[in-house]
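**Student:** Make a model of this:
(one chain, ligands or ions: 1)
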Amino acid sequence: MPHLRNALITGANRGLGFEIARQLGVLGHRVFIGSRQLELGVAAAAALREAGIDARAVQIDAADSASIAAAVRTVAAQVEVLDVLVNNAGTFVEAWGTQPSAVTVQEMRATFDTNFFGAFEILREFTPLLARSQAARVVNISSDMGSLTHINNPESHVYAVVGPAYQASKIALNALTALFAKQFKDSPAKVNSASPGWCRTDMGGEGAPLSVAEGADTAVWLATLPDDGPSGQFFSATRQRGTMEW
Ligand SMILES: NC(=O)c1ccc[n+]([C@@H]2O[C@H](COP(=O)([O-])OP(=O)(O)OC[C@H]3O[C@@H](n4cnc5c(N)ncnc54)[C@H](OP(=O)(O)O)[C@@H]3O)[C@@H](O)[C@H]2O)c1
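**Tutor:** Numbering: from 1, shown residues only. Predicted coordinates:
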């Protein structure tokens with residue numbers, strides 16, 4: 001009998017991460033709610049359990065190697081296999097509109113610590129558990145703002161949006177998608193980037209056009225891809241899961 005698919009979503013105590021976990025739970029996954037403050041993850045997992053979902057909290061701070069190592073031990077103590085990893089935890093540190101030369105090195109490093117190094121280390125450290133899955137799916141939550149093509153296209157909605165540390169970190173995250181997908185190409189594992197579009201979360205603000213449910217949709221689709229689904233690609237939410245230009 002096939003086992004319940006196990007999914008870890010980072011930054012799942014609120015926003016898009018919580019909604020991705022909820023949707024995966026509704027689809028029958030056992031969900032590990034990653035959160036850097038354990039009590040927030042415990043509360044989020046309890047809310048999902050009330051909805052009948054097998055949800056468990058795991059402390060994981062993407063910017064803390066010891067926390068990541070401990071999270072691997074916590075998950076491995078409960079399940080033998082990890083089927084889905086959603087690298088959702090993300091931060092936007094600089095003020096909107098800050099020009100590249102005004103971004104501080106501290107802001108750039110803090111952004112990369114979570115959005116790039118964190119995602120890398122989490123994927124790296126969970127690779128052995130993912131390798132035990134017959135159909136591992138990794139989803140890196142990127143952004144339209146992480147498309148070099150759109151950044152340089154005056155016709156694009158991204159052109160006028162400026163958040164250099166955030167943008168550079170999401171471009172780097174997309175590189176991880178391509179590189180890990182190539183490493184895993186002869187295995188069942190698939191690695192893709194998802195842009196949620198501009199969504200109404202604490203990060204996106206109340207004026208964003210998309211709900212969290214709409215923003216979560218592409219990530220959930222990529223987390224549940226069939227064996228003949230794509231790998232090593234970047235998908236947009238705002239264009240009905242269409243391929244996004246890198
Ligand atoms: N909302 C949008 O319009 C939009 C658009 C494009 C891409 N995205 C991406 O979507 C993802 C989720 O964003 P969101 O809109 O849901 O943002 P959010 O509401 O601000 O939530 C961010 C989540 O990430 C967590 N987080 C931040 N730094 C972390 C770290 N070092 N370790 C672990 N968790 C950390 C936060 O935890 P705490 O509660 O502890 O702070 C929170 O759970 C991010 O990667 C973001 O870049 C969002």
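**Student:** list the contacts for the residue nearest to P100 when sequence neighbours are not counted?
**Tutor:** Closest residue in space to P100, ignoring its immediate chain neighbours: P164 at 4.2 Å, by CB to CB, 6 or more residues apart in numbering. C-beta: built from backbone N, CA, C; applies to glycine. For P164, the contact set (CB atoms under 8 Å, 6 or more residues apart in numbering) comprises 94, 98-100, 103, 108.
**Student:** and the ligand, which of those residues reach it?
**Tutor:** Among the contacts of P164, proximity to the ligand is found for none (CB under 6 Å from any ligand atom).
**Student:** Buried subset of those residues, written for ChimeraX?
**Tutor:** Here is the ChimeraX command that selects the buried residues among those (16 or more other CB atoms under 10 Å):
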select :94,98,103,108
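**Student:** and the contacts of P164, which two are the farthest apart?
**Tutor:** By the measure CB to CB, Q99 and M108 form the most distant pair in these, at 13.0 Å.
**Student:** can you give me the strands in this structure?
**Tutor:** Secondary structure of the chain (DSSP state E): strands at 6-9, 30-35, 55-59, 84-87, 137-141, 190-195, 234-236.
**Student:** could you give the angle of the fifth one to strand 190-195?
**Tutor:** Right, the one you point to is strand 137-141. Orientation of strand 137-141 against strand 190-195 (axes from the mean of the first three to the mean of the last three CA atoms, to 10 degrees) gives an angle of 20 degrees.
**Student:** In space, what's closest to Y159 - neighbours in sequence excluded?
**Tutor:** If the residues on either side of it in the chain are set aside, Y159 comes closest to N153, at 6.0 Å by CB to CB, 6+ apart.
**Student:** same deal with G232?
**Tutor:** Nearest one to G232, counting by CB to CB, 6+ apart, is A181 at 3.1 Å.
**Student:** show me what contacts that neighbour?
**Tutor:** Residues near A181 by CB under 8 Å, 6+ apart: 190-192, 231-233.
**Student:** Most neighbours out of these, which is it?
**Tutor:** Neighbour counts for the contacts of A181 (other CB atoms under 10 Å) peak at V191, which has 27 neighbours.
**Student:** I'd say L85 and F126 touch.
**Tutor:** Yes. Using CB atoms under 8 Å, L85 and F126 qualify as a contacting pair, with a distance of 5.6 Å.
**Student:** Identify the contacts common to those two.
**Tutor:** L8.
**Student:** neighbour count winner among the two?
**Tutor:** L85 (30 against 21).
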